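Turn this into a structure:
(2 chains)
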Amino acid sequence: MLSIRGVSRSYGSSQVLHDVSFDVAAGTLVALVGRSGSGKTTLLNMVGGLDRPDAGTVLVDGADVTALDEAGRSRLRRDKVSYVFQTFGLVPVLSAAENVGIPLRMRHTPREEREKRVARLLDLVGLAGHARQRPDELSGGQQQRVAIARALASSPRLLVADEPTGQLDAETGLSVMALLRGVVESEGVTALVSTHDPVMMRLADRIVRISDGRVTHDEETAG
Amino acid sequence: MSLHRPSMRGRARADRGPLLLTALVVFVAVLITAAVPPLIDRRADRAVAEAVSAAGDAAGMTAQVPFDAETPGYPRVRRPNSATVADGYAGSAQQLLNPTLRSVFGPPVVSVSSSDLELRTGGLPGRTLRLVYVGEPASLTWTDGSPPAQDPSRGEERAGPAPWPVSVGLSEAASEVLGLSTGDRVRTEDREGGRVELRISGIYRAQNPSDQVWKVQPQLLEPAVFTDTRGITTSFTSVLLSADSLPDGRLATAPTDMDVTIEFRPTAGSISRDNAPVVIDSLVELGAGSGVAQDEGPAIDFNTRLSGVLERILDQIAVATALAIVLLGAVLVAVGLALALTADLLTRRRGGVLTGLRRRGASLPGLWAELAVESVLVTLLAGGAAALVVRLLIDELSLAWSLPVLFVAVVGPPTVAVLAAARATNHRAAPANRSARRTLAVTRQLRRITTEVAVLLAAVGAYTALSQRGIATNNGAAASLLPALAPSLVAVSGGILLLRILPPALTGFLRPAGRLRGSLPLLAASRAGATAGRVLPLVLIVTSCALAVFALSVRATASGSGPVAPDARPLAGALADGLRDLALVAGLLLMALAVLALVIGALGSAPERGETAARLRTLGLTVADTRWICLGELLPVALAGGLVGWMLGRVLASRAVGLLSLRVLNDLPADPALVVPVITYVPVVLLIVTVVLVAAVESSLRRRERLGQVLRA
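This is a model prediction of the structure:
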């Protein structure tokens, strides 16, 4: 599903990624772990075309992300790769349902179909009763659930989550983790999740550890 | 409290753009507010002199005296001292003038003239003559013959049988029109059929036809000749008497047929705006005693239209000054809002740094002092430069109207910044308790409503004051400030009302936009609703547009045409030009401020817009789509602000036509129709063009940025 080959990236004189390579099979949840500044976020940005490597290739579902132009990268994020951020990234003036519906609107999904899918996704993340509420009326955990629902709205092949529990308390973080694990199974998506959270690591199918921009550890978990 | 100079220098370097913008606003505002009051004053004085000069004969004053009244029943005698008697009347008339009028009017010109005499010699009808004595006119050249003389043997003798011959001089033009030459004897008759025989002593030419004497009696130089539709020609000619022939003329005509006219003309520059009211009072006083016989001398009847001329020009100056004050008030209010907006922009840029300093223990007075040093320097440099330019250009300076600008420029930026830093570091500003948060939100709402209601009440009060009292232009600026600010306060109120209406209206548009299939209408409507809620940009856009339309419409109406009565005297000259220039400059400046408000507003909301765009781009939105969202976000604010401002400005201008008595400027009998020139649409067009440019520039910048780095930031 995802193939990263020899990816390097530097900012000025600082080399952030050194020849990073690994593959992710479809339908798996991979935890990308490492200290702050180890290059996790940079690598996740490469996957969805938010950033470009200085060297190497990133293949998503067989398509070379690094060779895509701006419009191609936008199409990639609209159709195949979805992101969940630590800061949720919701549009504050839109309701939860409207936020979830944005990716569907971008694909010009018919209204009825869109509303059905939004309702189903909000139900999936446990927020069926909060459809009309705005982000500032929701708790942090609820906002992250909306963000996950939104990320799933366009039925992506790959879900990229960057520290999704970074701003949540332990209990809420755990529920979000469980949700992610659940949607990977129920929606059949592949997930690449950067995290410091040991619980998340236990929920993942595989752990890839990055240190100073290099993959130092890559193992499948027992669970 | 010590100032940290490296921080101050660093902040000034980092924010030199907004600081330069602030300096530019201060410079232009001081330039206008420091130059206009002295220019208006100076031009008002000049307008009085111009009006008096343009009034011509109407600005003069005449005194009429029956010449040397004789006692009925007594035999008529020839009086050789008739000229001296006539000159004595001039002295008597001058004695009746008070010191103000004596200082205003130049030396009087005395003339003695007979009633009309019909020329009978030659058999042609329609040739009317009048015997006129104007003293001994200087610069007179006798081209033929000699001045009129008397028969030295006559002395003071009783009148004999008519006709009594009178020696007269003729101008070259009169000689030609009447076909008479030196030595001719002609017979004339008065209205009663009494015969008067004239002898032409010589033909003269005036070396200086513009001499005051010839203005008083123009037909002494040039006969008035008229030809009617039937081809019949009528001429009116004055023939010249000398001091020697005046006694003969007096005796030759009927006892009541000669009058002395004493003509007074105001000397150039003797009447200014300051002394004109005293002159009017003096003329009224003189008129009240006119025609009443004096203790030792005849009754002198004074006639003048000078007071009417002066009253009209003073009224016009009052209206022009009131309009200038209103325009200055408009500039002041808009500039004040613009300075508040630049202060807000600076605060937004520095918010993080200042909050950080505060959290690290910096005191609020210390922060305020550091920022105040910067604002004082910026204000002094910009204001000083503007004052210097004004001084060099017009050699005069008045900073009374500039003080509010300087005050806001100095105090505004540090105060806004420190208040923001205090709010950001105040734990009570964001309580954890939901009920406390709600109470805090209600308190903020109440505070805002109170401010808005205060502005609305001020606008109502100012408008009422303007309607009832008008603008007192002679009681100093302070007395005039409230009514003068009426249009500006109404414009600000319009902005506040739109601020209350527009965000919910745009948010309301979210629902229909939500029913559409695409994402752009919904996203644009959501962003527009948020942006429209920002107070200063929208209020400044509405205010500036309204006042620009007001200024330009009033300018067009005041200088517009319309039916003007033949004797109407519209305000002309330097003051009229000054007023038109001021309205144009104010209109253009206000247009620029409207655009500035939009640009600063866009700069202020750019970080949020960028953040939203970045979030949406992670979902697959293209850079081109973000341009449409930017357009959709800013265009409603620009359009609503521009159009509401245009309508408000038009309403204000139409009300101002009556309230500011613009008809007085053009001396019209009724209020002129409002003229709304095409240029008033320019602010709306400029705002739309600015939105397109902002969206294009933002899109271009966004295309170059790396999304990963934006999200990281």
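
the helices in chain A, which residues?
A:40-47, A:70-79, A:96-106, A:111-124, A:140-153, A:170-187, A:198-203 (DSSP state H).

Those helices: which one's closest to B:G470?
Closest approach to B:G470 among the helices of chain A is made by helix A:96-106 (54.6 Å; CB to CB). Just so you know, the C-beta spots here come from the backbone N, C-alpha and C atoms, and that holds for glycine as well.

host element of the residue of the stretch 551-700 of chain B found nearest chain A?
Ranking the residues of the stretch 551-700 of chain B by distance to chain A (CB to the nearest CB) places B:G620 first, at 2.6 Å. According to DSSP states H and E, B:G620 maps onto no helix or strand at all.

what's the burial count for it?
Neighbour count for B:G620, taken as other CB atoms under 10 Å in any protein chain shown: 25.

Pick out the residue in the stretch 201-350 of chain B sitting closest to chain A.
Counting by CB to the nearest CB, the stretch 201-350 of chain B gets nearest chain A through B:R348, at 17.4 Å.

Tell me which residues touch the residue most central in space within chain A, please.
With distances taken as CA atoms, centre = their mean, chain A has A:V160 as the residue nearest its mean C-alpha position (2.0 Å). By CB atoms under 8 Å, 6 or more residues apart in numbering or on different chains, the residues touching A:V160 are A:44, A:47-48, A:81-84, A:191-193.

will you turn the residues you listed into JSON lines that also has distance to chain B and pLDDT?
Below are those laid out as JSON lines (distance: CB to the nearest CB, whole Å; pLDDT from 0 to 100):
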{"residue": "A:L44", "distance to chain B": "9", "pLDDT": "91"}
{"residue": "A:V47", "distance to chain B": "11", "pLDDT": "90"}
{"residue": "A:G48", "distance to chain B": "7", "pLDDT": "88"}
{"residue": "A:V81", "distance to chain B": "9", "pLDDT": "92"}
{"residue": "A:S82", "distance to chain B": "8", "pLDDT": "91"}
{"residue": "A:Y83", "distance to chain B": "5", "pLDDT": "90"}
{"residue": "A:V84", "distance to chain B": "10", "pLDDT": "87"}
{"residue": "A:A191", "distance to chain B": "16", "pLDDT": "90"}
{"residue": "A:L192", "distance to chain B": "14", "pLDDT": "92"}
{"residue": "A:V193", "distance to chain B": "16", "pLDDT": "90"}
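
Residue 56 - how many residues pack around it?
No chain in the question, so chain A it is. Other residues close to A:G56 by other CB under 10 Å number 17.

Switch to chain B, please.
B:G56, neighbours per other CB under 10 Å, totals 11.

Test for you: state the pLDDT assigned to it.
B:G56 carries a pLDDT value of 81.

List the contacts of the closest residue to the residue of the stretch 201-350 of chain B closest to chain A other than its chain neighbours.
The spatial neighbour of B:R348 that comes closest, neighbours along the chain excluded (CB to CB, 6 or more residues apart in numbering or on different chains), is B:G604 at 5.6 Å. Listed by CB under 8 Å, 6+ apart, the contact set of B:G604 reads B:344-345, B:348, B:534, B:537.

Just the mean pLDDT for the lengthiest helix in chain B, thanks.
For chain B, the helix with the greatest residue count under DSSP H is helix B:306-359. For helix B:306-359, mean pLDDT rounds to 89.

ditto for stretch A:161-172
Averaged across stretch A:161-172, the pLDDT comes to 81.

quick one: that stretch near chain B?
No - if you take CB under 8 Å from any CB of the partner chain as the test, stretch A:161-172 misses chain B, and the best it gets is 8.6 Å.

what does that stretch contact?
A:40-41, A:44, A:83-88, A:139-141, A:144, A:147-148, A:151, A:173-174, A:176-177, A:180, A:191-197, A:200.

Narrow those to just the buried residues.
Among the contacts of stretch A:161-172, those classed as buried by 16 or more other CB atoms under 10 Å in any protein chain shown are A:40-41, A:44, A:83-88, A:140-141, A:144, A:147-148, A:151, A:173-174, A:176-177, A:180, A:191-195, A:197, A:200.

quick one, what contacts B:W142?
B:169, B:202-204.

run the last query once more with 10 Å
B:169, B:182, B:201-205 (CB atoms under 10 Å, 6 or more residues apart in numbering or on different chains).

Wait, a helix at it?
No - B:W142 is assigned strand when assessed by DSSP: H, G, I helix; E, B strand; the rest coil, not a helix.

Now for the closest residue to B:Q64 other than its chain neighbours, how many residues are close by?
Spatial nearest neighbour of B:Q64, chain neighbours left out: B:D301 (4.5 Å); criterion: CB to CB, 6+ apart. Per other CB under 10 Å, the neighbour tally for B:D301 reads 16.

show me what contacts B:D301?
Here B:D301 is in contact with B:62-66, B:93, B:259, B:287, B:290-292 (criterion: CB under 10 Å, 6+ apart).

ok, of those residues, which one's closest to B:T612?
Of the contacts of B:D301, the one sitting nearest to B:T612 (CB to CB) turns out to be B:G287, at 77.6 Å.

shouldn't that closest one be in contact with B:S307?
Yes - B:G287 is within contact range of B:S307, at 8.0 Å (criterion: CB atoms under 10 Å).

Now do A:E98, the pLDDT please.
Looking at A:E98, the pLDDT reads 91.

and the gap between it and chain B?
With distances taken as CB to the nearest CB, to the nearest Å, A:E98 is found 6 Å from chain B.

next one: A:V60
Distance, A:V60 to chain B, by CB to the nearest CB: 13 Å.

follow-up on the earlier one: comparing B:G287 and B:S307, which residue is more hemmed in?
Taking neighbours as other CB under 10 Å, B:G287 and B:S307 compare with B:S307 leading, 18 against 15.

could you point out which element follows the strand or helix carrying B:L547?
In the assignment (DSSP H and E), B:L547 maps to helix B:535-558. With elements assigned by DSSP H and E, the helix or strand that comes after helix B:535-558 is helix B:573-618.

and the angle for that following helix with helix A:96-106?
Orientation note: helix B:573-618 sits at an angle of 90 degrees relative to helix A:96-106 (axes from the mean of the first three to the mean of the last three CA atoms, to 10 degrees).

Which neighbours do B:G287 and B:S307 have in common?
Common neighbours of B:G287 and B:S307, using CB under 10 Å, 6+ apart, are B:M61.

if we can go back for a sec, tell me the bridge partners for the residue nearest to the centre of chain A.
A:Y83, A:L192 (DSSP bridges).
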